[in-house]
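Student: Following is a predicted model, sequence given first.
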Amino acid sequence: MSNTLVIIPTYNEIENIEAIIKAVFSQEKQFDILVVDDSSPDGTSDIVKQLQHEFSNLFLEVRKEKTGLGAAYIHGFKWALKKEYDYIIEMDADFSHNPKDLISLYNACAVEGADFSIGSRYLNNKINVVNWDFKRLFLSYFASKYVRIITKIPIFDTTAGFVCYKRNLLKNIELDNIKFVGYAFQIEMKFKAWKQNFKYKEVSVIFTDRKKGTSKMSGSIISEAVFGVIKMRLQRISK
């Protein structure tokens, strides 16, 4: 058993799931993987079950309903805490997050002393995004800028979904009180951790748009982020 768990939430990722699992397991450091699947109708979980015969450190949790990315991660966080992992990493299934960057995120916490580390697309306002159309890039980049202005949080990539958390941070965040389930989930987690004075480190990564499968981004997710940040600021969410 590794001291680090990589959580990969999935919904209809049959085209990517086998390749991403094998890519994570091919890294120099050993990582365990938990796939949290929202009952994908395309058979994503069936592929994971087949791979479990090959990899003893591959785990699967299938949720009955698709209730949002944040809810899937919270399910995974609680599972990881019960299993007593020291480090828990969020990661997409579609290769937008490069598995080779996992070790950098881990080292930022395990070696350099951060309580959470962020795979940042916009560190020091430098944009590291490949194959996104201008509209999506504009929305993402300025969403992070908008969050910084509204909340005063100093993190450059506030909407990043490639994050490593120490166990102690997740134990103190009060996961049951997380209010957002979509895009704003990532913002709320970072905001709460920052407000509680947990140390963070941003690690520069190159984000590459998916080549297979369909993006889960939607108008409602973006709206949640825009209005959720204002609500967060007004209510001073800090626990």
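Tutor: Happy to help now that I have it.

Student: give me every residue that touches the nearest residue to Glu202 once chain neighbours are set aside.
Tutor: Of all residues not flanking Glu202 in the chain, Ser120 sits nearest, at 4.0 Å (CB to CB, 6 or more residues apart in numbering). C-beta coordinates here come from the backbone N, C-alpha and C atoms, glycine included. Contact partners of Ser120, counting by CB atoms under 8 Å, 6 or more residues apart in numbering, are 128, 155-157, 160, 202-205.

Student: Could you list the low-confidence segments of the chain?
Tutor: Flagging of the chain using pLDDT under 70 yields the residue ranges 131-132, 134-138, 210-228, 230-239.

Student: quick one: terminal-to-terminal distance for stretch 119-139?
Tutor: 18 Å (CA to CA, to the nearest Å).

Student: er, stretch 87-102 actually
Tutor: Length of stretch 87-102, first residue to last, CA to CA: 11 Å.

Student: do the same with stretch 47-63
Tutor: 16 Å.

Student: Check what contacts it and list those residues.
Tutor: So stretch 47-63 is contacted by 1-2, 14, 17-18, 21, 25, 30-39, 45, 71-72, 75-76, 79 (CB under 8 Å, 6+ apart).

Student: those helices in the chain, which residues are they?
Tutor: For the chain, the helices defined by DSSP state H cover 17-25, 44-51, 69-82, 102-110, 134-151, 167-172, 183-195, 219-235.

Student: okay if I get the contacts of Ser120 as CSV plus distance to Lys64?
Tutor: Formatted as CSV, the contacts of Ser120 follow (distance: CB to CB, whole Å):
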residue, distance to Lys64
Asn128, 37
Ile155, 34
Phe156, 37
Asp157, 32
Ala160, 28
Glu202, 36
Val203, 35
Ser204, 38
Val205, 33
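
Student: Counting neighbours, which of the residues you listed comes out on top?
Tutor: Highest neighbour count within the contacts of Ser120: Asp157, with 28 neighbours (other CB atoms under 10 Å).

Student: what sits against that one?
Tutor: 118-123, 144, 202.

Student: before we move on, back to that, restricted to buried residues, select the contacts of stretch 47-63 in PyMOL.
Tutor: Burial among the contacts of stretch 47-63 is assessed by 16 or more other CB atoms under 10 Å; the matching PyMOL selection reads:
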select buried, resi 14+17+21+25+31+32+33+34+35+36+37+38+45+71+72+75+76+79
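
Student: Please report how far the closest residue to Ile7 other than its chain neighbours lies from Phe142.
Tutor: For Ile7, ignoring the flanking residues on the chain, the nearest one in space by CB to CB, 6+ apart is Gly76 at 3.8 Å. According to CB to CB, to the nearest Å, Gly76 stands 29 Å off from Phe142.

Student: quick revisit: in the contacts of Ser120, find the pair that's most separated.
Tutor: Asn128 and Ile155 (15.3 Å; CB to CB).

Student: Can you pull the phi/psi pair for the residue lying farthest from the centre of the chain?
Tutor: In the chain, the residue that sits farthest from the middle, by CA atoms, centre = their mean, is His53; the gap is 26.2 Å. Backbone torsions for His53, taken as degrees, to the nearest 10, come to phi -70, psi -20.

Student: ok, now how distant is it from Met1?
Tutor: 18 Å.

Student: Pick the one among the contacts of Ser120 closest to Ile178.
Tutor: Of those, the one sitting nearest to Ile178 (CB to CB) turns out to be Ala160, at 16.6 Å.

Student: you'd agree that closest one is up against Ser117?
Tutor: No - the criterion here is CB atoms under 8 Å, and Ala160 misses it with Ser117 at 10.1 Å.

Student: still on that earlier bit, deepest of the helices of the chain, which one?
Tutor: Comparing the helices of the chain by mean neighbour count (mean count of other CB atoms under 10 Å), helix 183-195 comes out on top with a mean of 23.
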